[in-house]
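Peer 1: Pasting the sequence and the predicted model now:
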Amino acid sequence: MAEQPITAMDVSTAETEAAGLRVQLNQWRKDYYDNDAPNVEDDIYDRNYARLVALEQAFPQLITPDSPTQLVGGTVKAGFTKVQHEIPMLSLGDVFSQAELQEFNDRLVQNVGEPVDYNCELKIDGLALSLRYENGVLVQGSTRGNGTVGEDITKNIMTIESIPHQLTKPLTIDVRGECYMPKAAFAALNERREAAGESVFANPRNAAAGSLRQLDTKVTAERQLSTFMYNIADYEPITARTQSDMLTEFADLGFTINPAFKVAHSMDDVFQYIDHYQNERPDLAYGIDGIVIKANPLPLQRQLGATVKVPRWAIAFKFPPDEQPT
Ligand SMILES: NC(=O)c1cnc(N)c2cc(Br)sc12
């Protein structure tokens, strides 16, 4: 059915459509976040989600606490200990066109009152995780969960080679990043599973999530997972003053970072970065579903802060679904 323009809608029509979208989107979220097995294409999910956001913006009285626009991530899987994130693990706002990205920049520049340098980073198609170090020693690993309560996966992340058990400095720090399964590891895993008559994973993201959120650590250990770290919970412990320098500092501390980051001094630089990695995407050793641009100055990130769900200083530009074989 063709979508009715929202401007021509009365509130009861809007409420009926919004209620239907909430039920459908929450079911898709449960499959994706809790069961690690989405059964809807990303672009269909994104289009329905964007419609609900537009309805709620036109009719704010329709926003409900259980609306997917108010929630981050999934819940805690039975069998895992819960971990409280002192500083919430946020999601990201999404845009799907360069015009929308330009609008994000124009709003930010108007708010800040001067041009903003961005750090452009790849959006890794994996599972968000948080690593806690005390005096430089790895003490806990956790999933995002619903953003404030995640799953304790410490034993599992200890088996991931790219995660340092001790930093090069005795820092007490919470670092956030993505756990992913390289495309080659994904293909080999599904080949083994198929040969053994087992079900195969639909994509590397599901395989990574299903391997990390495993109660049997031995299974995690054999799944060749890897990580790229890219955000920090509290800026205090590090010396960097920009996002790009923070990534370099992360590497000096012993973390694995994604080397494809680049500072953009204009939106043309951002669009060039997008075009480049949209072309490079099939040849990357890991899945990406877009790019993330972040205000590069860390004091500006701190100044802008976040909404209940997403940072005001960053946005994700989503690529169309990956037609390439993974
Ligand atoms: N570079 C980044 O910040 C980044 C990369 N890949 C991702 N899947 C995500 C998710 C959030 Br939320 S940030 C981020």
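Peer 2: In hand now; what should we look at? Bear in mind that the values here come from a model prediction, so they are computed numbers and not experimental data.
Peer 1: Could you check which residue of the stretch 51-200 of the chain lies nearest the ligand?
Peer 2: Nearest residue of the stretch 51-200 of the chain to the ligand (CB to the nearest ligand atom) works out as Glu121 at 3.5 Å. No exception for glycine: its C-beta is placed from N, CA and C like everyone else's.
Peer 1: Would you verify that that residue is located in a helix?
Peer 2: No - counting by DSSP: H, G, I helix; E, B strand; the rest coil, Glu121 falls outside a helix, being strand.
Peer 1: At which residues are the helices of the stretch 151-300 of the chain located?
Peer 2: For the stretch 151-300 of the chain, the helices defined by DSSP state H, counting those that start in this stretch occupy 154-157, 183-195, 204-212, 217-221, 243-253, 267-280, 298-304.
Peer 1: picking up where we left off before, number of nearby residues for the residue of the stretch 51-200 of the chain closest to the ligand?
Peer 2: Glu121 is flanked by 26 other residues according to other CB atoms under 10 Å.
Peer 1: Now that it has come up, it's in contact with Ala264, right?
Peer 2: No - here Glu121 does not reach Ala264: they are 10.6 Å apart, not a contact under CB atoms under 8 Å.
Peer 1: Give the residues shared as contacts by these two.
Peer 2: Taking CB atoms under 8 Å, 6 or more residues apart in numbering as the criterion, Glu121 and Ala264 both touch Ile293.
Peer 1: Let me know the average pLDDT across the helix or strand hosting Gly141.
Peer 2: Assigned by DSSP states H and E, Gly141 belongs to strand 137-143. Mean per-residue pLDDT for strand 137-143: 97.
Peer 1: Quickly list what the residue of the stretch 51-200 of the chain closest to the ligand is bridged to.
Peer 2: With DSSP bridges as the criterion, Glu121 is bridged to Val292.
Peer 1: so who does it touch?
Peer 2: The neighbourhood of Glu121, defined by CB under 8 Å, 6+ apart, consists of Tyr230, Leu247, Asn258, Ala260, Phe261, Ile291, Val292, Ile293, Lys294.
Peer 1: Output those residues as TSV; include the columns distance to the ligand.
Peer 2: Below are the contacts of Glu121 laid out as TSV (distance: CB to the nearest ligand atom, whole Å):
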residue	distance to the ligand
Tyr230	4
Leu247	9
Asn258	7
Ala260	10
Phe261	8
Ile291	8
Val292	4
Ile293	9
Lys294	7
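Peer 1: Please tell me the pLDDT value assigned to Val310.
Peer 2: pLDDT for Val310: 92.
Peer 1: so how far is Ile44 from it?
Peer 2: 21 Å (CB to CB, to the nearest Å).
Peer 1: same thing with Gln24?
Peer 2: From Gln24 to Ile44 the distance is 10 Å (CB to CB).
Peer 1: These two - which one has more neighbours?
Peer 2: Higher neighbour count among Gln24 and Ile44: Gln24, with 16 against 12, using other CB under 10 Å.
Peer 1: Neighbours of the closest residue to the more buried one other than its chain neighbours, how many?
Peer 2: Excluding the flanking residues, the one nearest Gln24 by CB to CB, 6 or more residues apart in numbering is Asn48, at 6.5 Å. The local packing of Asn48 (other CB under 10 Å) involves 18 other residues.
Peer 1: With Ser226 instead?
Peer 2: Ser226 has 20 neighbours, counted by other CB under 10 Å.
Peer 1: hey, where'd the strands end up in the stretch 51-200 of the chain?
Peer 2: Secondary structure of the stretch 51-200 of the chain (DSSP state E, counting those that start in this stretch): strands located at 82-84, 94-95, 118-124, 127-134, 137-143, 149-151, 173-180.
Peer 1: about what we covered before: what's the distance between the residue of the stretch 51-200 of the chain closest to the ligand and Ile44?
Peer 2: Using CB to CB, one gets 26 Å for the distance from Glu121 to Ile44.
Peer 1: Kindly report the same for Met246.
Peer 2: Met246 sits 35 Å away from Ile44, going by CB to CB.
Peer 1: Could you export the worst-scoring helix or strand of the chain on mean pLDDT as CSV, keeping only the C-alpha atoms?
Peer 2: Counting by mean pLDDT, DSSP states H and E, the chain has its least confident helix or strand at helix 42-58, which shows a mean of 87. Provided in CSV are the C-alpha atoms of helix 42-58 (Å, rounded to 0.1, in the frame of the first residue of the first chain):
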residue,chain,number,x,y,z
ASP,A,42,18.4,-4.1,6.5
ASP,A,43,16.9,-1.6,4.0
ILE,A,44,13.3,-2.8,4.8
TYR,A,45,14.0,-2.5,8.5
ASP,A,46,15.6,1.0,8.0
ARG,A,47,12.7,2.2,5.8
ASN,A,48,10.1,1.2,8.3
TYR,A,49,12.1,2.7,11.1
ALA,A,50,12.5,6.0,9.3
ARG,A,51,8.7,6.1,8.7
LEU,A,52,8.1,5.6,12.5
VAL,A,53,10.6,8.4,13.3
ALA,A,54,8.8,10.7,10.8
LEU,A,55,5.4,9.9,12.3
GLU,A,56,6.7,10.5,15.8
GLN,A,57,8.3,13.8,14.8
ALA,A,58,5.0,15.0,13.2
